Structures are given as C-alpha cells and as structure tokens.
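J.: the sequence and its predicted three-dimensional model are supplied below.
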Amino acid sequence: EMGADSRGGGGGGGVCFFFFFKQKTAYEIYQCDWSSDVCSSDLGYDIFSLPGASALLAALTIAGLPTDSFSFIGFLSPKSGARSAELKALKTRSETLVFYESPRRLSAAIAKMAEIFGHDREAAIALEITKKFERTMRGTLYELDEQLKDKKIKGEAVIIVGGAKKIPVDRKSTRLNSSH
C-alpha cells in the first residue's frame, strides 16, 4: 500500500511530497522533491502524482473563461502606482490572467482592472475556494466592481480575467511602400 501527503515547501525549491510505503506493519516515510532520488521509479515502486487543493486551478476551472492559455500573475503590488504599472503591462495579453488578492484590497483591484483593462472585459472572482463558504461571482469587470461596492469581503480571493481581444488587422488599408 502507498499513500501520499503534499505539504508544500521542500528544500531546493521543489514541491515536497511525503510518501508512505506500508512494509508489513511499519511505514517507511520518504520526502520527495524534484531533486530527490526517492522520486525515481528505479527503486521498484510505482510513483504517482496526487493533486492537492489548488485555489488557482480550482478557480480557473469554474470561472467560465478560456483555459487553453493562461498566466498566473499572483499578488499585485499593494502600492497603487506599482499596481497600475503592473496592470498596464498586462493590458494587451491575450491569455486568461489569474491573480490572488487579499479581501481588503479586492474592490480596489477590480476597480483598477476595469479602468485599465476596460469595463467590458469578462472576469470572475472566486472567494474561499475549496472551503465551506466557497462562492464565485462572474461578469464584466464593471459588473464585478458594482457588485463589490459597499460589501465587506472575507476570505481569500482569486481573480480570473479573460484575455484581451485581438484586434483584427484591416489588410486592405495596410499598404507597403515600395519605392524601387
């Protein structure tokens, strides 16, 4: 028998898993990360990957936005000027963007996203994902901004924003200047 428990962390920057191998009446416990020999199937054990709770992926799958291409941005800067600069750099990205945000900065973050990305950009907010009071809000950034006004939000938040629409190039009006 074998079981596994993902606890995060791990030396050397890899994800750390603890594997439990039942040997008659005792368990042998191994720590395994990307640099560990214990992860090798050469030891004669079948090695399996067991997913843990991930707010990022859980929120992405329920957001109703494209999942074929996405970028995990993480937390934006808590400083207004730096946050604006970060969002401006992301404005034209065509993939779905995923952010983490604290509940006390959520409303300000959504308002700034609506201002910079455009009010009509589709988005979702997943709150308390993987927990008892999990809930999801969907709509445009403008609609989400309106829903958050004067609300006291508790718990962790994952913001998922649809990618920027690609602007079609009008090839008829684009001319090449050939002077030879």
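T.: Sure thing, it's come through.

J.: got any ranges where this structure has weak pLDDT?
T.: 1-53, 168-180 (pLDDT under 70).

J.: kindly recompute the last result at 80.
T.: Scanning the chain with the threshold set as pLDDT under 80 gives 1-53, 130-132, 166-180.

J.: which stretches in it count as strands?
T.: Ranges of strands within the chain are 2-6, 17-23, 26-32, 70-75, 96-101, 122-127, 135-140, 157-161, based on DSSP state E.

J.: partner strands of the fifth one, with direction?
T.: Read that as strand 96-101. In the sheet, strand 96-101 lines up against strand 70-75 (parallel), strand 157-161 (antiparallel) (DSSP bridges).

J.: tell me which of these lies nearest to Ala85.
T.: strand 70-75 (13.1 Å; CB to CB). Where you see a C-beta, it was placed from the backbone N, CA and C, and this is true even at glycine.

J.: hmm, who's touching stretch 143-151?
T.: The contact list for stretch 143-151, computed with CB atoms under 8 Å, 6 or more residues apart in numbering, reads 106-107, 110-111, 114, 119, 123-125, 137, 139.

J.: could you do stretch 68-86 as well?
T.: With CB under 8 Å, 6+ apart as the criterion, stretch 68-86 contacts 56, 60, 87, 90, 93-102, 105, 108-109, 112, 116, 163.
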